[in-house]
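A.B. asks: got a sequence here, can you model it:
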Amino acid sequence: ATGALADGARVAGSGIVEPASEVIDIGSALSGLVTDVRVAPGDRVEKGQPLFLVDARSARAQLTEANASIQEARAAIVEAQTAQKTASTQLALYEGLSDPAAVSRSEIIRVEGEADAAKSRLSVARARLNAAQARAGSVRTEIERLTIRAPISGEILAVNVRPGEFVATQGGGKGAPFMQMGETNPLHIRVDIDENEAARVKLGAPAIVSPRGAADLRVEASFIRVEPQVVPKRSLTNSAAERVDVRVLQVIYALPQDNANTGGDEAFRVGQQIDAFIPAAGAADNAGE
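C.D. replies: All right, here's what the predicted structure looks like:
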């Protein structure tokens, strides 16, 4: 089947190997010094797995302060509740006396004032507790954000950060992302088709692809999708006859996951250029359209 496809009417295009998820540039939500790097290029990671850690000492100190404020507010609540209970008990005792003259009016007013003051202190202490708990929750979220985790399961493609380096939210050092990763099982191929040839492509049909420089290795790649936009050509082959002032239709194909059918796991790598041959639409196909 592979030979038949390669020998029939076809449209040629150049492409580049990419992860099925496309390449994901890993960034950091917060700036700081990198304290630990947990992965290396080629590692497989699971979603949520830590990739690298940013210094969280300042945030942990703030969390300690917030927890201390929580304990202080809880102690103030207990004190206010005790004072309020004491004043209420005293008032109940005075109200239960059979002789109204046994307690002076000024004493009753004093105890009522203590009850009201305790009630006010209780409200303030509860408000302080809520504020301290909210602050602790905010700091815990910040600490969690200082652990950079994998957004998906996949393979680490590049690591551009080292322990001791400073990372900023604007991007990695020298404009490079801190890390790059993607789902490489399966690998996809993004094929550029000259807009002048795009109408001839038989969409949905498998393509025959070969690594650049290894034309004898032909692999059948299955159709995945076609990008909705025709875009300026960005993937260059460095051929002397290549035109760069063209727009291209990008068609995505998937390589087979079985390495035996792709010439081994060394045949195709992320970022590698390939040559693709896609079946051309016949007269019957065009008439049907």
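
A.B. asks: CA atoms for contacts and neighbours, from now on please.
C.D. replies: Noted.

A.B. asks: low-confidence ranges in this protein?
C.D. replies: The chain contains residues with pLDDT under 70 at 1-8, 98, 101, 170-175, 235-245, 258-266, 283-289.

A.B. asks: longest single helix anywhere in it?
C.D. replies: helix 105-145 (DSSP state H).

A.B. asks: can you name every helix or strand that it contacts?
C.D. replies: helix 57-95 (3 or more CA pairs under 8 Å, 6 or more residues apart in numbering; DSSP states H and E).

A.B. asks: list the buried residues of the helix it packs on.
C.D. replies: 59-60, 62-63, 66-67, 69-70, 73-74, 76-77, 79-81, 83-84, 86-88, 90-91, 94 (16 or more other CA atoms under 10 Å).

A.B. asks: report the angle between it and helix 105-145.
C.D. replies: 160 degrees (axes from the mean of the first three to the mean of the last three CA atoms, to 10 degrees).

A.B. asks: from what I can see Val111 touches Ala87, true?
C.D. replies: Yes: between Val111 and Ala87 there is a contact under CA atoms under 8 Å: 5.8 Å.

A.B. asks: you'd agree Met204 is in a helix?
C.D. replies: Actually, residue 204 is Gly. It isn't Met. No: Gly204 sits outside any helix when classified using DSSP: H, G, I helix; E, B strand; the rest coil, being coil.

A.B. asks: show me what contacts it?
C.D. replies: Residues in contact with Gly204 (CA atoms under 8 Å, 6 or more residues apart in numbering) are 223-225.

A.B. asks: buried members of those into ChimeraX, please.
C.D. replies: Only the buried members of the contacts of Gly204 enter the following ChimeraX selection, criterion being 16+ other CA under 10 Å:
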select :223,224
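
A.B. asks: show me the contacts of Gly204 that map onto strands.
C.D. replies: 223-225 (DSSP state E).

A.B. asks: now stretch 218-235 - C-alpha only, PDB.
C.D. replies: Output of stretch 218-235 as PDB, limited to C-alpha atoms (Å, rounded to 0.1, in the frame of the first residue of the first chain):
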ATOM      1  CA  ARG A 218       9.000   5.600   3.700                       C
ATOM      2  CA  VAL A 219       6.400   5.600   6.500                       C
ATOM      3  CA  GLU A 220       2.600   5.900   6.100                       C
ATOM      4  CA  ALA A 221       1.300   8.700   8.400                       C
ATOM      5  CA  SER A 222      -2.500   9.000   9.100                       C
ATOM      6  CA  PHE A 223      -4.400  12.200   8.500                       C
ATOM      7  CA  ILE A 224      -5.400  14.100  11.700                       C
ATOM      8  CA  ARG A 225      -6.700  17.500  10.600                       C
ATOM      9  CA  VAL A 226      -6.100  20.500   8.500                       C
ATOM     10  CA  GLU A 227      -5.400  23.900  10.100                       C
ATOM     11  CA  PRO A 228      -8.200  26.400   9.300                       C
ATOM     12  CA  GLN A 229      -5.800  29.200   8.300                       C
ATOM     13  CA  VAL A 230      -3.400  29.500   5.400                       C
ATOM     14  CA  VAL A 231      -0.400  31.100   6.900                       C
ATOM     15  CA  PRO A 232       3.000  32.500   5.800                       C
ATOM     16  CA  LYS A 233       5.700  29.900   5.400                       C
ATOM     17  CA  ARG A 234       7.900  29.600   8.400                       C
ATOM     18  CA  SER A 235       9.500  26.200   8.200                       C
END
